[in-house]
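S.K.: No letters, just coordinates:
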């Protein structure tokens, strides 16, 4: 039987600040290119 999913830990202090800073920045060219590649792969895989 599968194990239950545990709750996600809450970010605090410097970890929370770093996360919020990263999330407020626009995506880089590298991240956008990776997203395009993933979307093209998703379109070609059928379940």
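M.R.: Nice, I can see it. All values reported here derive from a predicted model rather than from experimental measurement.

S.K.: what about residue 16, how many residues close to it?
M.R.: 11 (other CB atoms under 10 Å). Any C-beta I mention is one placed from the backbone N, CA and C, and that applies to glycine too.

S.K.: tell me which residues in the helix or strand harbouring it are buried?
M.R.: Assessed by DSSP states H and E, residue 16 sits inside helix 13-24. Residues of helix 13-24 classed as buried by neighbour count (16 or more other CB atoms under 10 Å): none.

S.K.: what's the average pLDDT for whatever helix or strand comes next after that helix?
M.R.: Sequence-wise, the next helix or strand downstream of helix 13-24 (DSSP H and E) is helix 29-44. Across helix 29-44, pLDDT averages out at 93.

S.K.: and residue 6, backbone torsions?
M.R.: For residue 6, the backbone dihedrals are phi -90, psi 150 (criterion: degrees, to the nearest 10).

S.K.: From residue 43, how far off is it?
M.R.: Note on residue 6: its distance to residue 43, by CB to CB, to the nearest Å, is 33 Å.

S.K.: ok, back up a step: give me the distance from the helix holding residue 16 to the chain's centre.
M.R.: 14 Å (CA atoms, centre = their mean, to the nearest Å).

S.K.: For that helix, report the contacting residues that lie outside it.
M.R.: The contact list for helix 13-24 (CB atoms under 8 Å, 6 or more residues apart in numbering) reads residue 11.

S.K.: And the pLDDT at the most centrally placed residue in the chain?
M.R.: Note on the chain: the residue nearest the mean C-alpha position is residue 23, at 10.0 Å, using CA atoms, centre = their mean. At residue 23, the predicted lDDT confidence score is 95.

S.K.: swap in the one 3 residues further on?
M.R.: Here, the pLDDT recorded for residue 26 equals 96.

S.K.: who touches residue 32 in this structure?
M.R.: Applying CB under 8 Å, 6+ apart, no residues contact residue 32.
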